[in-house]
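>>> Predicted structure and sequence below. I'll ask about it afterward.
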Amino acid sequence: MDTLLALLTVFTQPQLLVLVGIGTFAGIYIGAIPGLSVTMAVSILISFTFSWDVYPAISLMVGIYMGGVYGGSRTAILLNIPGAPSAIATAMDGYPMAQKGEAGQAIGVTTVMSFFGGLIGILVLAIAAPFVSDFALTFQPRDYMLLAVLGILLVGSLSSGSLVKGIFAGAFGIAIGAVGRDPLTFTERFTFDLQIMEGGISFIAVMIGMFGVSEALLQLQNVTMKAVRQKIDKIVPSFGTIKKYLPLSLQTSTIGVIIGALPGTGGDIAALMAYDHAKRVTKNPQVPFGKGAMEGLVAPETANNAAVGGAFIPMMTLGIPGDAVTAIMIGALFIHGLNPGPMLMVDQPDMFWFIVGALLTANVFMLLFGLTGIRIFTKIVEMPRSIIIPLILLLSIVGAYAVNNSITDVYWMLGFGVFGYFMRHYGYPLGPVILGVILSRLLDDNWRRAIISERGDIGRFFEGVITSPLSLTLFVAVLMIFISQTPLWATVKKRLFRKAES
Amino acid sequence: MSRRLIGAFIALGLSATVSLAQEYPTKEIQGIIQWGAGGSTDTVMRSVTPHAEDVLSGTIVMQNMTGAVGAIALNYVAAAKADGYTLLMGAENPLLYKVMGLGDKDYSEFVPINILARGTPILVANNDAPFDDYAGMLDFIAKNPGELRFGATGPGGLPSVITAMMNTVEGDLDVIAVPYDGDGPALTALQSGAIDVMPAVLGASIESIRAGAIKPIAIFDVKQNEKLPEVPLVTAYNEDYKTYLPWGPFFGVFAPKGTPDAVVAKLSDAYAQAAKSPDFIELMDNRGFTMMGISGAEATEFLSKWQQGTAWLLQDAGLTKASPEDFGIKRP
């Protein structure tokens, strides 16, 4: 009974309900603008809500978080500029849909599927939080490393054209991620003794440049071309459509929750892995991937919203943040006199259920706001390019500056924008670059931790991999995916099938 | 006519400088937090500053500026105009930048506004570790050289200083140091068994200790801790630690050197009052921090003592890139 009351706190206090609503609404727009990140918004809110009670403050933050993760898909679909790193995969099939005049439909499906993914994440949080956090804790450095290797193999599915160019782009991304003072020993890497290189290259600046500026430059070539008229009659997807993607979205939501719950990985990696998963399991998509496949929208969007619930799991059960946003929320709880940690669930179970309730509410608001504003949003793509291109550039500059209040980031962003433009021209995919930057640290740090823990002994390292069931599973998965992508596998498969037939 | 005008301008200028300190702050103050959102420094600064704003009746806009273990933020504020409108909210580690080869500036380029509080180091272990106290741990290390995994946070971090202290006092301990990005991720790794022992700040580990998720080994302080009265002090095992303790990380607010004295005084007063507000004291107490609230000469003295002690400790342990002597840091 107490649990139910705590769960319904948000509904019984209209003020909280309004705050969650405002948060979600604001979150969608913050998420949609590249560079304005949820992390930034929530850290500003800490000071802003300092004198408030803890419930209203958390309500607003939860709303922004939920809305922001979803909002990143908007600009990804409409402009091919992911509003947040977790929407990179969304752009790959969302934008081709918008180019065909199906932006309304794309946003509709995205919204409903984000809602669904969010719901799964929250349900897992509510029902199985202690269980999942125990599982997340079993991940050792070598498992994170194997996970990163698994992620690197996504290069294959993110490169639409030449695989070699994809691998080059991925390796380039890993190198970008390694620039600056190495976080473990503080040794300078690829800095050329320049002070501006010391802090590394902001990943957000790379993303905004590669996607935002290069897109704007590319659009300049057809500045006089008439914009595609968008069909907006079928926004809310039919029940049949939802049912069709239900099995896939359940799988990708699971990926989202687990990746989200792991401290050190978040919605961005979850979305990319889910996209890859969808590509693997969908045998005959109606539209090919990369050309506007519905599955390519469903997978990343369910996963990144499921990762929200996932990120709260270690935060609520152990006081360990699941991602950057939950890290700030832990700080907020401290400031409001709570002590987040393993005892929070014991000392203040109400807080847990209140957050679950707030997340649920934010999820519903997200569905509501997501489905109502579409008509106005799709007008953005119908605007003349001569207006929209300067707008994109302006937003990109503001966004790149806002991340760290650093003008250097703006230069990086512009530099990578021009570079990305040429990469596109020569058929190099941009997705793998971002993938490389995201995974660079995960791979590098954890490989070193794993090998340092074994005193640099590679034999002991493999002994550890083989004796741990989790590591072994991940290792086998890496091998299988790798082999299945080589021509060798195709020949073997052909022979096996022939045998089976005869 | 024109002469009168010039005179008027000069008068205006003069009165402006005089009233500068009195009217301070006339615009928003920028507070640069050296570490990322959600970390210890961030939490402390974001909870004390609103109280200081009330005293100043001004606005302090706080920004996180991360990168290069805080050196980017430090250099940014050091290069800013010394008018009291750009403040640095930092922790202890800049005092080690020079000897660690991480930068050529430290707090000597700044005036301390307030050293708010200090943390207490504690040694914690994974629940499955085959020992329950400090003596048992040393025994295990002696019998299994190179097997025990200690968490670390990079050169100059708290774990490196505590490990250096242990090596100096107990003789070289043959352990593996596994580096993490901060004490948060390292404590997570401790719970998962990726590392066995972690020298951490008490505030970051206290909740997990209370929950029984990790076990305390020894507190590195000279006084029994009120929050964890049952945990033994390391000095109970070896008196020699008294040479180096009490030692701990700290948080402070700093202004660039050359900031007008009146402005420094006003800021110092604001933060001194803010640090006395009950909810800030409660927050710090809950997190196991010891309140300091010192400023002026006392703070400068504290900083130079801290720097001498720690820099030479690291130098003697062979962890530094350059000798403290090169920067005029005297042996304590």
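Ah, there it is. Numbering: from 1, shown residues only, chains lettered A, B, ... in the order given.

>>> Go through chain B and flag its longest strand.
In chain B, with assignment by DSSP state E, the single longest strand is strand B:110-118.

>>> what about the helix or strand hosting residue A:77 and chain B, any contact?
Taking DSSP states H and E as the criterion, residue A:77 maps to helix A:54-79. No: between helix A:54-79 and chain B, judged by CB under 8 Å from any CB of the partner chain, nothing touches; the nearest distance is 11.8 Å. Glycine gets a C-beta too; all of them are placed from N, C-alpha and C.

>>> Could you tell me the end-to-end distance of stretch B:217-236?
12 Å (CA to CA, to the nearest Å).

>>> ditto for stretch B:170-190
This stretch, stretch B:170-190, spans 23 Å end to end (CA to CA).

>>> hmm, that stretch in reach of chain A?
Yes: Stretch B:170-190 reaches chain A (CB under 8 Å from any CB) through B:176-181, B:184-185, B:187-189.

>>> Tell me the helix or strand right after the helix holding residue A:77.
helix A:88-99.

>>> and that next one, what does it pack onto?
helix A:54-79, helix A:103-137, helix A:267-281, helix A:295-318, helix A:431-453 (3 or more CB pairs under 8 Å, 6 or more residues apart in numbering or on different chains; DSSP states H and E).

>>> okay, those, which one's buried deepest?
helix A:295-318 (a mean of 32; mean count of other CB atoms under 10 Å in any protein chain shown).

>>> next helix or strand past that one?
helix A:324-335.

>>> That following helix vs helix A:54-79, what angle?
With axes from the mean of the first three to the mean of the last three CA atoms, to 10 degrees defining the directions, helix A:324-335 sits at 160 degrees from helix A:54-79.

>>> Need the residues that contact helix A:324-335.
Applying CB atoms under 8 Å, 6 or more residues apart in numbering or on different chains, the contact partners of helix A:324-335 are A:38-39, A:42-43, A:45-46, A:49-50, A:54, A:57-58, A:61, A:65, A:266, A:311-312, A:314-315, A:319, A:321, A:339-340, A:344, A:351, B:36-39, B:42-43, B:46-47, B:184, B:283, B:286-287.

>>> Let's see that with 7 Å instead.
By CB atoms under 7 Å, 6 or more residues apart in numbering or on different chains, the surrounding residues in contact with helix A:324-335 are A:38-39, A:42-43, A:46, A:50, A:57, A:61, A:65, A:311-312, A:315, A:319, A:321, A:340, B:37-38, B:42-43, B:46-47, B:283, B:287.

>>> Next: stretch A:266-284.
Residues contacting stretch A:266-284 (CB under 7 Å, 6+ apart): A:69, A:85-86, A:88-89, A:151, A:154, A:157, A:248, A:251-252, A:255-256, A:259-260, A:289, A:295-296, A:298-300, A:302-304, A:307, A:311, A:323, A:435, A:438.

>>> Burial check on residue B:282, number of neighbours?
11 (other CB atoms under 10 Å in any protein chain shown).

>>> which one is it nearest to, not counting chain neighbours?
In space, and not counting its chain neighbours, residue B:282 is closest to residue A:337: 6.6 Å by CB to CB, 6 or more residues apart in numbering or on different chains.

>>> What of residue A:436?
residue A:173 (2.1 Å).

>>> Where does the one you found fall, secondary structure wise?
In the assignment (DSSP H and E), residue A:173 maps to helix A:163-178.

>>> Could you do residue B:73 as well?
Counting by DSSP H and E, residue B:73 is found in helix B:71-79.

>>> Repeat that for residue B:251.
Residue B:251 belongs to strand B:250-256 when assigned by DSSP H and E.

>>> neighbouring contacts of that strand?
Outside strand B:250-256, the residues touching it (CB under 7 Å, 6+ apart) are B:41, B:44, B:77-78, B:80, B:82, B:84, B:86-92, B:107, B:109-118, B:264, B:267, B:271, B:292.

>>> Name the residues of the helix or strand following it that are buried.
Later in the chain than strand B:250-256, the nearest helix or strand by DSSP H and E is helix B:261-274. Residues of helix B:261-274 classed as buried: B:263-264, B:266-274 (neighbour count, 16 or more other CB atoms under 10 Å in any protein chain shown).

>>> ok, now which ones touch residue B:162?
Residue B:162 neighbours (CB under 7 Å, 6+ apart): B:121, B:199, B:220.

>>> Of those residues, which is the nearest to residue B:156?
Nearest to residue B:156, judged by CB to CB, of the contacts of residue B:162 is residue B:199 at 13.3 Å.

>>> Name the nearest residue to residue A:188, ignoring sequence neighbours.
residue A:181 (5.7 Å).

>>> Low-confidence ranges, the chain, go.
Since you didn't name a chain, this refers to chain A. For chain A, residues meeting the criterion pLDDT under 70 lie at A:1, A:35, A:499-502.

>>> was after chain B, sorry
Filtered on pLDDT under 70, chain B yields the residue ranges B:1-22.

>>> who touches the residue of it found nearest chain A in this structure?
Chain A sits closest to residue B:207 of chain B, with a gap of 2.5 Å, by CB to the nearest CB. Neighbouring residues of residue B:207 by CB under 7 Å, 6+ apart: A:319, A:339, A:341-343.

>>> Can you add secondary structure and give the residues you listed back as TSV?
Listed next are these as TSV, based on DSSP: H, G, I helix; E, B strand; the rest coil:
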residue	secondary structure
A:319	coil
A:339	coil
A:341	coil
A:342	coil
A:343	coil
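
>>> Please give the element, helix or strand, for residue A:265.
Here residue A:265, judged by DSSP H and E, is contained in no helix and no strand.

>>> Setting the sequence-adjacent residues aside, check what's closest to whichever residue of the stretch 301-450 of chain A sits closest to chain B.
Nearest residue of the stretch 301-450 of chain A to chain B, counting by CB to the nearest CB: residue A:341, 2.5 Å away. Nearest residue to residue A:341 in three dimensions, chain neighbours excluded: residue B:207, at 2.5 Å (CB to CB, 6+ apart).

>>> again with residue B:263
Take residue B:263 and drop its neighbours on the chain: the residue closest to it by CB to CB, 6+ apart is residue B:84, 3.7 Å away.

>>> ok, that neighbour - how many residues close by?
Around residue B:84 there are 22 other residues, counting by other CB under 10 Å.
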